[in-house]
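*Asks:* Requesting a structural model of the entry that follows:
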Amino acid sequence: MTQSNQNVSLDYDAIVVGAGIAGLYQLYKLREIGMKVRLFEAGTGVGGTWYWNRYPGARFDSESYSYAYSFSEELLEEWDWSEHFASQPEILRYLQHVASKFDLIKDIQFSSDVQSARYNEDTRTWEIGLQDGSVHRSRFLITGIGLLSQPVLPKIEGIESFEGESFHTSRWPHSPVNFAGKKVAVVGTGASGVQVIQEISKEVGNLTVFQRRPNWCAPLHNSIIKSDEMRTIRSGYKEMFERCDQTLAGFLHTVDPRGTFEVTEEERYAFWEHLYASKGFGIWQGNFKDVLTNTEANVSMSDFIANKIRERVHDQEVAEKLIPKDHGFGTRRVPLETQYYESYNQSNVELIDISETPIERITSKGISTTDREFEFDLIIYATGFNAILGSYDRIDIEGVNGRKLKDQWRDELSTFLGLQINNFPNLFMILGPHALLGNNPRSIEYNVEWITNLIQYMNERYLTRAEATREAVDSWYQYVLEQGEGLLSNQVDSWMTGINSNLEGRQKRIIARYSGSQYSYRKRCNEVVTSEYAELNLM
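*Replies:* Sure thing, here's the model as predicted:
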């Protein structure tokens, strides 16, 4: 370590960006090893995803208790979940409770939007610029900003001209929105769109859904957790988290070892009926082992779900519009729903297929398609995110020799373990590109602990610089490719393959996520630790 590095003036040992599930736990762990930490959050409170996404119907699609933090037995003992799949208000209360319980607020600065981050090679520090013009210096920079957090509005002419209320689902107002008797439009039928449609259809005067492409949806089967059931859940937390650690993606559900056609037709359909009647992601994450890799198996499964849609929607013309034709079941994210398809049986709900009659423009009064003009009091945009890259692109991140992260990733999206980036020393990402997704808090806890252990390793040895080597990045990219071989999802346009028709330059598929198992991901990360971080340049 050089003399200049020893004497460098730091505001903090580490700066964390984002006060969601990832950022809160990272703050907790870094304080645990004695570091001086500051967390910057653009919002006015903690919660991350669950702070921003306040739209009606927003809730977990992982079981509440499996989504919770596992690091504190006391926290597990004192928190009662009211539903198997908690709604946004309850989730936000939970995260507020966590922040209060562990006194995290004192180290969080709210209403602080990070706009720039520049690495100084001479001092081996990060200089973080906020929107208020202030600059803060730290040794380490850790991002907990998510891969689905930067909203995108559709490329439709006239959006600013609408005179009524309009909201993106992930930027919902904090005050209640009155739907009673109103004419409402929802643009988009992804996971957020499905949740908001099934919820507000109960209240609105008229609801018009503008669908570009349908998704395969499956029943959530949510229910209340009574006190005796909560006691049973609590008594089994240890075994439950161990099970989550052993499943493919950290869910309570894991792949069935049988092949689709290794059983009789009667057994096959009985199994699918069981999954369709069961809670949560079992139908996606606990299906036959080849449903997401074998085209014939996937077609058979897709036909099963298509028939369920036809059974549930009265108007068969509408039902056909709700059945995807461009991808198979489970090859894109599966939204879980509660009476979503039955919403279209209501006389006050209309479905517009914009692949048949495209939207031409937003007008001052509503929406104009090639077929007709609609007047609305309120327009809801459930049009998703600038996935994978958006939350990073909005920050001007500059590494060694003035290298811009935006430029580097435009040339090639590459990371090491989804945690580090070549040319950007001392920058760590929690659930960055090419990290393991799934039941995210399970992966978040692992990522945070891996990062914390590395920083502690460095501190104990008076090391001040950590950067993934180019060889390590290349090796990881090849590993990511190998782990995703044969997956039908990599042959489909979705945010998981980097596609977004509302964004320039995002029409070509890329390898944007790690799609191997939790075991294979952790095995590789643990090997790096065992080698004493030989694939990192540590100085």
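*Asks:* where's K182 relative to P358, distance?
*Replies:* 25 Å (Cβ to Cβ, to the nearest Å). In short, each C-beta sits where N, CA and C put it, glycine included.
*Asks:* what's the closest non-adjacent residue to the residue most central in space within the chain?
*Replies:* Nearest residue to the geometric centre of the chain (Cα atoms, centre = their mean): L148, 4.8 Å. Spatial nearest neighbour of L148, excluding adjacent residues (Cβ to Cβ, 6 or more residues apart in numbering): F385 at 4.7 Å.
*Asks:* Who has more neighbours out of K182 and P358?
*Replies:* Legend: neighbour count by other Cβ atoms under 10 Å for K182 and P358, higher for K182 (18 against 14).
*Asks:* Please list all residues in contact with that one.
*Replies:* For K182, the contact set (Cβ atoms under 8 Å, 6 or more residues apart in numbering) comprises 204-206, 377-378.
*Asks:* mind putting the residues you listed in JSON lines, neighbour count and pLDDT included?
*Replies:* Converted to JSON lines, these look like this (neighbours: other Cβ atoms under 10 Å; pLDDT from 0 to 100):
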{"residue": "V204", "neighbour count": "22", "pLDDT": "98"}
{"residue": "G205", "neighbour count": "12", "pLDDT": "98"}
{"residue": "N206", "neighbour count": "19", "pLDDT": "98"}
{"residue": "D377", "neighbour count": "19", "pLDDT": "98"}
{"residue": "L378", "neighbour count": "21", "pLDDT": "98"}
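*Asks:* Filter those residues down to the ones in strands?
*Replies:* 206, 378 (DSSP state E).
*Asks:* With distance to L413 as new columns, can the contacts of K182 be given to me in TSV?
*Replies:* Converted to TSV, those look like this (distance: Cβ to Cβ, whole Å):
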residue	distance to L413
V204	40
G205	45
N206	43
D377	41
L378	37
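*Asks:* ok, so of the contacts of K182, who is nearest V187?
*Replies:* When the contacts of K182 are compared for distance to V187 (Cβ to Cβ), L378 wins out at 11.5 Å.
*Asks:* Does the closest one touch A185 like I think?
*Replies:* Yes: with contact defined as Cβ atoms under 8 Å, L378 reaches A185; the gap is 7.3 Å.
*Asks:* per-residue confidence at I510?
*Replies:* pLDDT recorded at I510 is 85.
*Asks:* For the closest residue in space to it that isn't next to it in sequence, which residues are in contact?
*Replies:* The shortest distance from I510 to any non-neighbouring residue, by Cβ to Cβ, 6+ apart, is to G498 (4.0 Å). G498 makes contacts with 387-389, 413, 506, 508-510, 512, as judged by Cβ under 8 Å, 6+ apart.
*Asks:* Could you rerun that using 10 Å?
*Replies:* 387-389, 413, 433, 505-513 (Cβ atoms under 10 Å, 6 or more residues apart in numbering).
*Asks:* Now, of these, which are buried?
*Replies:* Buried by 16 or more other Cβ atoms under 10 Å: 387-389, 413, 433, 506, 511-513, out of the contacts of G498.
*Asks:* now, which of those residues sits nearest T123?
*Replies:* T123 has its nearest neighbour among these in P433, at 27.7 Å by Cβ to Cβ.
*Asks:* measure that closest one to W476 for me?
*Replies:* 11 Å.
*Asks:* what does the model give N7 for pLDDT?
*Replies:* 65.
*Asks:* For the residue nearest to I510, what are phi and psi?
*Replies:* With angles defined as degrees, to the nearest 10, G498 sits at phi 80, psi 10.
*Asks:* Can you list the residue ranges for strands in the stretch 1-150 of the chain?
*Replies:* 12-17, 37-40, 108-109, 114-120, 125-130, 135-143 (DSSP state E, counting those that start in this stretch).
*Asks:* Reformat the ones you listed as CSV; add mean neighbour count and distance to H97.
*Replies:* Shown next, in CSV, are the strands of the stretch 1-150 of the chain (neighbours: other Cβ atoms under 10 Å; distance: least, Cβ to Cβ, whole Å):
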stretch, mean neighbour count, distance to H97
strand 12-17, 24, 20
strand 37-40, 22, 17
strand 108-109, 18, 15
strand 114-120, 18, 26
strand 125-130, 21, 27
strand 135-143, 22, 23
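*Asks:* want to throw these into TSV with distance to V98 and mean pLDDT?
*Replies:* Shown next, in TSV, are the strands of the stretch 1-150 of the chain (distance: least, Cβ to Cβ, whole Å; pLDDT from 0 to 100):
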stretch	distance to V98	mean pLDDT
strand 12-17	15	98
strand 37-40	13	98
strand 108-109	12	98
strand 114-120	22	98
strand 125-130	24	98
strand 135-143	18	98
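*Asks:* mind putting the ones you listed in JSON lines, distance to V528 included?
*Replies:* Below are the strands of the stretch 1-150 of the chain laid out as JSON lines (distance: least, Cβ to Cβ, whole Å):
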{"stretch": "strand 12-17", "distance to V528": "20"}
{"stretch": "strand 37-40", "distance to V528": "24"}
{"stretch": "strand 108-109", "distance to V528": "30"}
{"stretch": "strand 114-120", "distance to V528": "22"}
{"stretch": "strand 125-130", "distance to V528": "22"}
{"stretch": "strand 135-143", "distance to V528": "17"}
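*Asks:* Show the contacting residues for the nearest residue to G438 once chain neighbours are set aside.
*Replies:* Using Cβ to Cβ, 6+ apart and skipping residues adjacent in sequence, the residue nearest G438 is A249, 2.9 Å away. Taking Cβ under 10 Å, 6+ apart as the contact definition, A249 lies against 62, 255, 281, 284-285, 436-440, 442-443, 515-518, 521.
*Asks:* now the strands for the stretch 401-539 of the chain?
*Replies:* 427-429, 466-468, 536-538.
*Asks:* tell me the most buried of these?
*Replies:* Mean neighbour count (mean count of other Cβ atoms under 10 Å) peaks for strand 427-429 among the strands of the stretch 401-539 of the chain, with a mean of 25.
*Asks:* Pull up the pairing partners for it, direction included.
*Replies:* strand 135-143 (parallel) (DSSP bridges).
*Asks:* Could you check the angle the strand it pairs with makes with strand 114-120?
*Replies:* Relative orientation of strand 135-143 versus strand 114-120 (axes from the mean of the first three to the mean of the last three Cα atoms, to 10 degrees): 90 degrees.
*Asks:* surely R524 meets Q478?
*Replies:* No: judged on Cβ atoms under 10 Å, R524 makes no contact with Q478 at a distance of 11.3 Å.
*Asks:* between these two, which one's more packed in?
*Replies:* Each of R524 and Q478 had its neighbours counted (other Cβ under 10 Å), and the higher figure belongs to R524 (18 against 10).
*Asks:* Just list the residues touching the nearest residue to the more buried one once chain neighbours are set aside, thanks.
*Replies:* Excluding the flanking residues, the one nearest R524 by Cβ to Cβ, 6+ apart is Y479, at 6.2 Å. By Cβ under 10 Å, 6+ apart, Y479 lies in contact with 417, 434, 514, 516, 520-521, 524.
*Asks:* Filter these down to the buried ones.
*Replies:* Among the contacts of Y479, those scoring as buried are 417, 434, 514, 516, 521, 524 (criterion: 16+ other Cβ under 10 Å).
*Asks:* That'll do, ta.
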